[in-house]
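Chemist: kindly generate the corresponding structure for this input.
(one chain, ligands or ions: 1)
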Amino acid sequence: METLWQKAQDAWLFRRRSESGEPEITAGTIVYGAVLRTLVLLLGTLALLGVMPDLWRYAWLVLLALWGVVVYPAYQRWREFSERVEQLKEELLCGSCRYFEETGQLCTLLDEHVRSDYIPCEGLSWEPRTEWDE
Ligand code: SF4
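Modeler: Residues are numbered from 1 along each chain as shown. Below you'll find the model as predicted:
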């Protein structure tokens with residue numbers, strides 16, 4: 001059961017959860033989340049400019065917010081994503097399959113996301129990855 005705090009975090013990070021409650025992270029959602037947060041920050045800054053015309057004297061605050069709101073969360077999620085991909089490659093059958101696409105954690109044959117608790121083909125369509133596939 002997700003708490004209200006987890007729901008707020010998921011919304012802010014543009015993160016979905018699987019039915020089992022595990023967060024689904026893809027390269028696309030990381031980029032999309034960063035773009036959305038940048039947009040929110042930009043709109044917030046423009047709104048503040050209406051109230052405080054001399055806001056540009058505090059440009060470092062905007063840059064700090066850019067780091068804290070956009071860059072750092074995206075970096076953290078990218079690290080989480082990379083660790084998860086490595087974990088999937090080591091632990092799951094899909095990691096050694098030619099149809100596994102790492103950046104999307106996707107089975108390209110069935111066009112479904114692979115998770116630690118879900119192998120879309122249940123192993124029936126596995127084909128070994130060759131050195132030419134990489
Ligand atoms: S074909 Fe099967 S084993 Fe290969 S990536 Fe897709 S789900 Fe995984």
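Chemist: now the strands: where do they sit in this protein?
Modeler: Applying DSSP state E to the chain gives strands spanning 16-17, 23-24, 100-101, 106-107, 112-113.
Chemist: identify whichever of these lies nearest to Leu39.
Modeler: For Leu39, the closest of the strands of the chain is strand 16-17, at 19.2 Å, according to Cβ to Cβ. To be clear about C-beta, it is placed using only N, CA and C from the backbone, and glycine gets the same treatment.
Chemist: how about the strands of the chain in CSV, adding distance to Cys121?
Modeler: As requested, the strands of the chain are exported to CSV (distance: least, Cβ to Cβ, whole Å):
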stretch, distance to Cys121
strand 16-17, 22
strand 23-24, 18
strand 100-101, 11
strand 106-107, 7
strand 112-113, 9
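Chemist: lowest average confidence across these, which one?
Modeler: With a mean of 74, strand 23-24 has the lowest mean pLDDT of these.
Chemist: sheet-wise, list the partners of that strand with their directions.
Modeler: Strand pairing for strand 23-24, using DSSP bridges, gives strand 16-17 (antiparallel).
Chemist: low-confidence stretches in this structure?
Modeler: 1, 131-134 (pLDDT under 70).
Chemist: what residues does it have near the ligand?
Modeler: 93-94, 97, 99-100, 107, 109-110, 114, 119-121, 123, 125-126 (Cβ under 6 Å from any ligand atom).
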